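[1] Need a 3D model of the following:
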Amino acid sequence: MFARHVLGQKQYELTDYLGDVLATISDKRATDSLTGDTVTTGAVDTVASWKPVVVTATDYYPFGMQMPGRYLSDTSMHCYTTKITEPVDYFNFTYYLFSAYPLPVTPFGGAYLSSLIGGDQQLNTFGHPGDSLVISIDSLTPGAVQTLKLVTDGGTTTYGAHVISGGLNVGNSAISYAYGGITTIFFLPTTPSVTLVIGELFPSGLPHVSNTLNLKGIYLPRFDSAVFEDVVTSVCNEDRYHYGFNGQLKDNEIAGVGNHTTALFWEYDTRTGRRWNPDPKDNLFPDISPYATNHNSPIQFNDPKGDAPGVATIASRVFSFASKFNLVWDIIQGTVSNEPLGLSEINALKSIQENQINRLKLENKKAESEDGEKKASPQTKVKREHTETSRKKWEKANNKEWPSEPDNPNKKQTVSHIRALKDGGNDDANNIEPKPKEEHHEMHKNNGDYSRWRKDAWKAKKEN
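    Modelled structure (predicted):
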């Protein structure tokens with residue numbers, strides 16, 4: 001069982017700070033330019049630069065509608081096989097006899113070349129590490145894996161071949177001397193030109209010991225010139241990428257390409273900037289329609305899940321408005337990190353506070369208008385004993401140590417009241433229990449305690 005990766009089947013997103021997919025590029029690259037003789041077929045040339053293959057590109061109006069004429073996309077869902085004409089870069093090997101090699105071939109140390117009958121070249125070395133043959137190779141493509149093939153015809157010892165690029169050894173192989181043949185070397189050049197160094201693999205260093213290697217020729221990697229040919233391809237008239245505005249899934253079957261997106265909590269019409277279903281967290285925004293999106297400011301806010309708009313910044317510090325209120329509470333409790341907030345995030349916090357006040361006013365007005373409602377008694381300020389005192393009291397009553405936070409053994413868990421002080425509870429040992437800080441806050445949020453306590457405090461203030 002095996003798997004094969006076919007280039008051109010994968011796409012990479014290029015997005016902006018809002019998460020909008022502006023373009024996608026393929027994992028298949030294309031030739032941008034060649035150097036050398038790019039006209040004559042069979043002439044030696046190399047790839048000078050590559051370019052990405054752009055699969056889709058889209059410009060959006062603020063609320064996500066795709067700009068007509070400013071996006072690459074088709075509308076139908078039919079595919080067919082056809083032929084297109086495109087330039088094809090042929091990669092092949094060019095064979096050179098050592099006796100007619102066009103580039104410098106230089107012996108070093110005590111090594112030297114001698115000619116044999118039939119045109120072969122014989123490398124002679126004498127067991128010294130410096131005895132070697134240096135062969136120049138050019139017209140390579142840096143950053144692309146290359147292959148060269150060395151053709152030999154026997155010898156007296158094992159030789160080694162090393163490819164040097166930019167001063168680094170980027171490929172090597174042992175050369176069998178017993179029978180000769182073809183030695184294949186894979187290498188990754190960092191420069192357009194490299195050197196092939198051939199020397200004894202295990203030089204003995206003994207005097208008067210002569211070794212030889214018969215060299216016939218060498219196959220070098222070469223790009224042939226780009227040739228325009230008919231290529232069979234599959235053409236699909238459909239939207240080639242299914243994600244767009246705010247990174248959400250496009251549902252093109254409902255209203256056309258890019259006119260409708262879907263997320264976890266909504267179905268959204270990018271043309272009107274309105275959602276199909278009411279916002280599940282509309283109680284956080286009593287001053288805005290439950291069908292409004294992105295706080296009516298899609299340049300500043302985004303809403304990837306469709307549940308609550310968040311502040312989108314270039315640094316991708318995306319905060320949902322649902323968690324902004326919790327962040328305010330955490331700031332009050334002193335539990336957030338020292339990481340500074342940006343100006344847009346501070347303004348968002350102020351907006352949350354104003355929305356919370358407006359929501360409480362509406363709730364109080366509704367409560368006062370209901371017949372038979374009991375007015376809330378003035379909120380009495382409950383004096384709470386010192387936290388450490390409560391912990392020691394609990395430890396004495398339970399005969400064990402107060403536990404630490406799960407993720408911080410040096411920090412004690414918070415003191416949680418089984419019956420809250422504001423609801424008539426006390427600091428007795430049987431009414432308190434240890435609870436991790438996050439779990440403690442989450443419990444009060446889920447119970448609606450923070451909202452209820454603020455509501456009672458608001459009523460008490462009005463009555464007084």
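[2] where exactly do the strands run in the stretch 1-150 of the chain?
    Under the criterion DSSP state E, counting those that start in this stretch, strands of the stretch 1-150 of the chain are mapped to 11-15, 21-36, 45-60, 66-71, 78-88, 91-97, 105-108, 112-115, 121-125, 132-137, 146-155.
[3] now those strands as TSV including mean neighbour count?
    Any C-beta I mention is one placed from the backbone N, CA and C, and that applies to glycine too. Formatted as TSV, the strands of the stretch 1-150 of the chain follow (neighbours: other Cβ atoms under 10 Å):
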stretch	mean neighbour count
strand 11-15	15
strand 21-36	16
strand 45-60	16
strand 66-71	13
strand 78-88	10
strand 91-97	13
strand 105-108	16
strand 112-115	12
strand 121-125	21
strand 132-137	20
strand 146-155	20
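[4] can I get those in a markdown table with distance to Asn447 and mean pLDDT?
    Below are those laid out as a markdown table (distance: least, Cβ to Cβ, whole Å; pLDDT from 0 to 100):
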| stretch | distance to Asn447 | mean pLDDT |
| --- | --- | --- |
| strand 11-15 | 38 | 86 |
| strand 21-36 | 40 | 78 |
| strand 45-60 | 41 | 79 |
| strand 66-71 | 44 | 83 |
| strand 78-88 | 55 | 53 |
| strand 91-97 | 69 | 80 |
| strand 105-108 | 83 | 92 |
| strand 112-115 | 90 | 91 |
| strand 121-125 | 86 | 91 |
| strand 132-137 | 75 | 92 |
| strand 146-155 | 67 | 88 |
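[5] nearest to Val170, of those?
    Among these, the nearest to Val170 by Cβ to Cβ is strand 146-155 (9.1 Å).
[6] What average pLDDT does the helix or strand just after that closest one get?
    The helix or strand immediately downstream of strand 146-155 is strand 159-165, counting by DSSP states H and E. The pLDDT scores in strand 159-165 average 92.
[7] could you check the angle strand 146-155 makes with the following helix or strand past strand 159-165?
    Under the assignment DSSP H and E, the closest C-terminal helix or strand after strand 159-165 is strand 168-175. Calculated by axes from the mean of the first three to the mean of the last three Cα atoms, to 10 degrees, strand 168-175 forms an angle of 40 degrees with strand 146-155.
[8] got the buried residues for strand 168-175?
    Under the neighbour-count criterion of 16 or more other Cβ atoms under 10 Å, strand 168-175 has 170-173, 175 buried.
[9] Domain parsing of the protein, as residue ranges.
    Domain assignment for the chain by automatic domain parsing gives 93-223, 387-463.
[10] which of those domains sits most buried?
    domain 93-223 (a mean of 17; mean count of other Cβ atoms under 10 Å).
[11] all helices for the stretch 251-400 of the chain, in order.
    Here the stretch 251-400 of the chain has its helices, by DSSP state H, counting those that start in this stretch, at 252-255, 321-333, 343-369, 387-398.
[12] between these, which gets the lowest average pLDDT?
    helix 321-333 (a mean of 40).
[13] mind showing which ranges of the stretch 101-250 of the chain have poor pLDDT?
    178-179, 207-208, 222-240 (pLDDT under 70).
[14] if I look at Asn302, how far off is Ala308?
    Computed as Cβ to Cβ, to the nearest Å, the Asn302 to Ala308 distance reads 11 Å.
[15] More neighbours: which of those two?
    In this view Asn302 and Ala308 are compared by other Cβ atoms under 10 Å, and Asn302 has more residues nearby, 26 against 21.
[16] if we look at stretch 253-273, which residues are touching it?
    Residues from elsewhere that reach stretch 253-273, judged by Cβ atoms under 8 Å, 6 or more residues apart in numbering: 58, 60-66, 71, 73-75, 239, 244-246, 248-252, 274-277, 279-280, 292-294, 296, 298, 303-307.
[17] Now, of those, which are buried?
    58, 60, 63-66, 71, 73, 239, 244-246, 248, 250, 252, 275, 279, 292-294, 298, 303-304, 306-307.
[18] sorry, back to before: show me which of the buried residues of strand 168-175 is closest to Asn426.
    Checking the buried residues of strand 168-175 one by one against Asn426 (Cβ to Cβ), the nearest turns out to be Val170, at 76.2 Å.
[19] Excluding chain neighbours, give the residue nearest to that closest one in space.
    Leaving aside its chain neighbours, Val170 sits nearest to Phe187 (4.6 Å; criterion: Cβ to Cβ, 6 or more residues apart in numbering).
[20] can you tell me which residues contact that neighbour?
    Contact analysis of Phe187 by Cβ under 8 Å, 6+ apart lists 145-148, 163, 165, 170-171, 194.
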